[in-house]
Every structure is written in C-alpha cells, then in structure tokens.
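Trainee: Pasted the sequence and its predicted model underneath.
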Amino acid sequence: MVAALILLCLLGLSMLVNFSQFFSNFMVTPGVGYTHVAGPRIEEVLMEEGDGSDKIAVIDVDGLITSQVIDQGGFNLVDVVRAGLKKAEEDRRVKAVILKIDSPGGEVLASDELNRAIVEFQKRAEKPVVASMGNVAASGGYYIAVGSRWIVANELTITGSIGVIMHTWNYRGLMNKVGLFPVVYKSGKFKDMLSGEREAEDIPAEEREMMQSMINQTYSRFKTVVASGRQQSNAQNKDAGKALSEDWTQYADGRVLTGSEALRFGFVDELGNFEDAVKRAKNIAGIEEARVVHYQQRYDLSDLFRLFGKSEAKVVKVDLGMETPKLQTGRLYYLAPSFLR
C-alpha cells in the first residue's frame, strides 16, 4: 500500500512537470494570443561537477550532417546546434563551448551553415569554441571543425577527406535487359541532367564539364574555409597551436588522415581526448574551474501531441547498430568516401 502510494505520487509529480513544460512552450503575444515558442528546446545536463559558477557547454555534432528533419519536433541538425549556441551565448556563466564531433560529413549547405554559425557565435559572444574529434570527423565533419578556435583530435581519429562528391546511378543497361526504354520530353538540352536512363554515349560532353565545374567550385570553397579558419585560429593561438604546413593542399585531395597525420600537416592543433579538450577550453577561456554541462534537446508532451496531429504514415525502424547515410541524387556532399558504400 505504501509503495503504491509512493508510485502514485511520483506519477502525479511527473505529469505535473510535463504539463508545466508543455505550457511553458507557449507564450502570450498581445493582439495574437497564445503562440508556440519557435525552435528546438535545449536543456542542460551536468556532465562534470566543478567549483565556482563558470560553465563549459558541450554540443554534439553526431552522425550525417543534413538539413533533413531528424526528430519529431520537425528540426534538423543545424537547428539544434544553432539553438545550443544561442543558449550558450545567452548564459553569462558559460565561458567556452566544446563541439563534440563524430561525423563522416554530409550535405554541403548544411556543413557550411554550421561552420558559419560557429564563426559568427565566437565573434558575437566572444566565447571560444573547441572542437573535440571522436571516432570520425571527416569531410563535412572537418569543415565544421575549422570554424573553431582550437581542434583536438585523438591520434586514431579518422579525419581529413577534404573534397566534394556527387553520387548518382546509371541503370540504362538494366532497362535494356528487361526491355524498357524511356520516352522523354524536355524543354532544353540539359533538362534531364543526371538522369540514369540515358546511354553513356548520349550524355553530352558539356554536361560533364558543367558538373565538374560545379564540383570544382564547391571544392575551392572547402579549401578556402580550411585556409581562412586555420589562419584565424593560428593568429589567435599564436605559438600554442599548429599552423597549416606549406604543402597542405597536397593532402586535401579527398584522402582520409589519422589524427597524428592531421597534426603533422597542421589540420588540428593537439592530440588528445575529450578531457584534454575540456582542459584546453578552460585554458583559452582563462578559468581554472568550471562545471561541464551537456546541451541536449528536450522533449515533452507538446512533441507527443504534435505527433498525434500528423497524418503521414509512421515507419517502424529497426536498430542494427549502425546507420547508413541516405544520399540523395543530385546533391553535393562533403562526405568521407568509405561511407558511400
């Protein structure tokens, strides 16, 4: 009886907290009424206790970098990271941010938006960002990291893979085998670019040149971001960090690098783990003690009700212990080659 009463009280308290969080997501706008607070809701979870009131905020960049919706709230990875940076900027007790990256890369635009968000945050908030590389921080994952003040990589981290790729399929041979052929009506010569229905000899040489030009332009942007990002951080870090080697562009040909190799060529500043990144963040921020807090997205009853309001079919996903990136035809990617298989 006592145990049942205790459980009932805990259940009631849990429901009360959830309802309070649900209504806190709404605000009253004069002349409009109740409106939903926009953007992902970020909560702070203590990772490491420390003396004093100063804090170091940890934000995750995990998995494929994409502009596609990643949660039931309707937000993508860029939205969530930006919300975390905004919270860190508004909290005066946060003295530095650690960007914990474990990503093979992803979409060109999403990677560029995150890089810009990190650079702008440091200028606006005057708080350093330290990138802590995990198992993989390659291609788009590295593109994001170079926006940081300092980069820490494990000696076995897979990084580098500076390059661009666009992926598609040509399945005309299969169509010929089964007796299918396309009937295409188009308004211009290049309207069916990247179509997999054409014979190889039917693809105009100009089309290949245009696609390669697009790849080269995006690749040039990647190298510019790496050069400017490393130069700016090196100017701030002075002799403490690593500068790009004179021949660094020779290793920006899409190849993957270990953390040790990346340090040798100046792509990262230090070899170490997450604890080393925390120490470095304290050092750059000029503080001796700080609590380490993790920013994560918070869900409540409002997200549950939002799901009930959706009419599209729900898909049951089976977790096999790994996630294969879902590449879309016609999109440019900063993505490590081994993750295309």
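Mentor: It's in.
Trainee: Mind jotting down where the helices sit in the stretch 51-200 of the chain?
Mentor: Taking DSSP state H, counting those that start in this stretch as the test, the helices found in the stretch 51-200 of the chain are 77-90, 108-125, 140-145, 172-178.
Trainee: Quick one: closest of these to G272.
Mentor: Of all those, it is helix 140-145 that lies closest to G272, at 14.1 Å by CB to CB. C-beta coordinates here come from the backbone N, C-alpha and C atoms, glycine included.
Trainee: other SSEs contacting that closest one?
Mentor: Judged by 3 or more CB pairs under 8 Å, 6 or more residues apart in numbering; DSSP states H and E, helix 140-145 is in contact with strand 94-103, strand 105-107, helix 108-125, strand 129-138, strand 158-160, helix 205-237, strand 332-335.
Trainee: Tell me which of the ones you listed approaches A57 most closely.
Mentor: strand 94-103 (4.9 Å).
Trainee: Could you quantify the relative orientation of the closest one and helix 108-125 as an angle?
Mentor: 170 degrees (axes from the mean of the first three to the mean of the last three CA atoms, to 10 degrees).
Trainee: Do I have it right that K87 meets I59?
Mentor: No. The criterion here is CB atoms under 8 Å, and K87 misses it with I59 at 9.1 Å.
Trainee: what's the closest non-adjacent residue to S132?
Mentor: Nearest non-adjacent residue to S132, counting by CB to CB, 6 or more residues apart in numbering: A277, 3.7 Å away.
Trainee: what about the one you found, how many neighbours?
Mentor: The number of residues packed around A277, counting by other CB atoms under 10 Å, is 25.
Trainee: Likewise for V108?
Mentor: Burial measure for V108: 23 neighbouring residues, criterion other CB under 10 Å.
Trainee: need the strands for the stretch 201-341 of the chain, in chain order.
Mentor: When assigned using DSSP state E, counting those that start in this stretch, the strands of the stretch 201-341 of the chain occupy the ranges 256-258, 270-271, 291-297, 332-335.
Trainee: Mean confidence (pLDDT) on the last one, please.
Mentor: Pointing back at strand 332-335 there. Mean pLDDT, strand 332-335: 70.
Trainee: C-alpha coordinates for stretch 276-286, CSV please?
Mentor: Taking C-alpha atoms only, stretch 276-286 is exported to CSV below (Å, rounded to 0.1, in the frame of the first residue of the first chain):
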residue,chain,number,x,y,z
ASP,A,276,42.1,17.3,-23.0
ALA,A,277,39.5,19.4,-24.9
VAL,A,278,38.0,20.4,-21.6
LYS,A,279,41.4,21.4,-20.2
ARG,A,280,42.1,23.4,-23.3
ALA,A,281,38.7,25.2,-23.2
LYS,A,282,39.4,26.2,-19.6
ASN,A,283,42.9,27.4,-20.6
ILE,A,284,41.7,29.5,-23.6
ALA,A,285,38.8,30.9,-21.6
GLY,A,286,41.2,31.9,-18.7
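Trainee: Out of the helices of the stretch 51-200 of the chain, which is the most enclosed?
Mentor: helix 140-145 (a mean of 32; mean count of other CB atoms under 10 Å).
Trainee: what about the closest residue to Y251 other than its chain neighbours, how many residues close to it?
Mentor: Once flanking residues are discounted, Y251 sits nearest to F265: 5.4 Å by CB to CB, 6+ apart. Neighbour count of F265, defined by other CB under 10 Å: 19.
Trainee: what do you get for Q217?
Mentor: Residues near Q217, counting by other CB under 10 Å, number 11.
Trainee: can you check the one 10 residues further on too?
Mentor: Burial of A227 is recorded as 15 neighbouring residues (other CB under 10 Å).
Trainee: I'd say it and S245 touch.
Mentor: No. Under the criterion of CB under 8 Å, A227 makes no contact with S245, lying 11.9 Å away.
Trainee: circling back to that earlier point, contact partners for the residue nearest to Y251?
Mentor: Contacts were defined as CB atoms under 8 Å, 6 or more residues apart in numbering; by that measure F265 touches 244-245, 247-248, 251, 257.
Trainee: Kindly report the same for S228.
Mentor: Contacts of S228 (CB under 8 Å, 6+ apart): none.
Trainee: what about it, distance to N115?
Mentor: As judged by CB to CB, to the nearest Å, S228 and N115 stand 10 Å apart.
Trainee: ditto for A262
Mentor: Remark: distance between A262 and N115 (CB to CB) = 17 Å.
Trainee: Repeat that for I59.
Mentor: Counting by CB to CB, the separation of I59 from N115 is 14 Å.
Trainee: L5 too?
Mentor: Relative to N115, L5 is positioned 54 Å away (criterion: CB to CB).
Trainee: Equivalent analysis for V108, please.
Mentor: Distance from V108 to N115, counting by CB to CB: 11 Å.
Trainee: picking that back up, shared neighbours, K87 and I59?
Mentor: Shared contacts of K87 and I59 (CB under 8 Å, 6+ apart): Y295.
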